[in-house]
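Enquirer: Next one to model:
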Amino acid sequence: MLRLSALSVGYSGARGRVLGDLDVAVVPGSFVCVLGRNGAGKSTLMRTLAALQPALGGGALLDDEDIAAMRPQTRARRVAVVLTERAASPGLTVDDVVSLGRQPFTGWQGRLSTNDRAQVTSSLALAGASTFAGRLFDDLSDGERQRVMIARAIAQAPRLMILDEITAFLDLPGRVETMALLRKQARVTGAIVLLSSHDLDLSLQLADSVWLLDGSSGMAVGSAADLIASGSIGAAFDTPSVRFSPAIGRFELIA
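Expert: As a prediction, the model looks like this:
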């Protein structure tokens, strides 16, 4: 289980707190989408959960252990992270990059076992990256790179996957396939998958639960249906020109 306990995230100095006093629990096998407008704090939250920046208060616990306090190797075995930053891996092939997902399990010699190799091959296939497994990672398009990074995360076989805007460079079929894959991966493996996204329509269709950042340091949590019915989606996203229609489940222009 993943549990946020009075978690506050943000920055020291003038930027200050972005989100505060978050308390929520997520059961294994859940596909959770984190939604909110630009600047609402999605990336800050994801980076804090991944222990890439310190929390301002409280903590995030995975199976009752504080993620930030885990030993690096323990965290690498339990938590997989894919961020929006463009990764660079000079001289490494796609197969090499995905194989790095098995590194926390290989011991000091770093040798892949038969099982490790099978995990890499399976992960490449699941992410739709098998056809370019032999190419240099740095020669790939942005969309192809994202598929490879998803494959590496799957190869880690983590308890928690944290993915920040990883569908941004994919076309519509690719976004649908990727989000459906991640939801299935959560169900099959029992892992918790957290995905931050600007793709509101797909997220509302596919997520088991939604974390909706309202832009004022708060977060609403619930099913898509509950958040639509309560008006939370509209409150977070409506503008003078565009509003979310609960009746049709999408945005419409205001005449």
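Enquirer: Do a quick rundown of the strands in the stretch 101-250 of the chain.
Expert: 160-164, 192-196, 209-213, 219-222, 242-245, 250-253 (DSSP state E, counting those that start in this stretch).
Enquirer: Quick one: list the elements packing against the third one.
Expert: Same thing as strand 209-213. Counting contacts by 3 or more C-beta pairs under 8 Å, 6 or more residues apart in numbering; DSSP states H and E, strand 209-213 is packed against strand 17-26, strand 31-35, strand 219-222, helix 224-230, helix 232-237. The C-beta positions use only the backbone N, C-alpha and C, and glycine is treated the same way.
Enquirer: give me every residue that touches Val242.
Expert: Neighbouring residues of Val242 by C-beta atoms under 8 Å, 6 or more residues apart in numbering: 251-254.
Enquirer: Straight-line length of stretch 135-142, end to end?
Expert: 14 Å (C-alpha to C-alpha, to the nearest Å).
Enquirer: Could you check that stretch and say which residues are buried?
Expert: Across stretch 135-142, burial judged by 16 or more other C-beta atoms under 10 Å covers 137, 140.
Enquirer: give the contact list for the residue lying closest to Leu4 once chain neighbours are set aside.
Expert: Using C-beta to C-beta, 6 or more residues apart in numbering and skipping the chain neighbours, the partner closest in space to Leu4 is Leu22 (4.6 Å). Contact partners of Leu22, counting by C-beta under 8 Å, 6+ apart, are 4, 6-9, 58, 219.
Enquirer: so what's Leu22 bridging to?
Expert: Leu7 (DSSP bridges).
Enquirer: coming back round to it: between the strands of the stretch 101-250 of the chain, which gets nearest to Ser141?
Expert: Distance to Ser141, taken as C-beta to C-beta, is lowest for strand 160-164 among the strands of the stretch 101-250 of the chain, at 18.6 Å.
Enquirer: Just the C-alpha atoms of that closest one, please, in PDB.
Expert: Taking C-alpha atoms only, strand 160-164 is exported to PDB below (Å, rounded to 0.1, in the frame of the first residue of the first chain):
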ATOM      1  CA  LEU A 160       5.300   1.600  -7.300                       C
ATOM      2  CA  MET A 161       5.600   3.200 -10.700                       C
ATOM      3  CA  ILE A 162       5.800   7.100 -10.800                       C
ATOM      4  CA  LEU A 163       5.400   8.400 -14.300                       C
ATOM      5  CA  ASP A 164       5.300  12.200 -14.900                       C
END
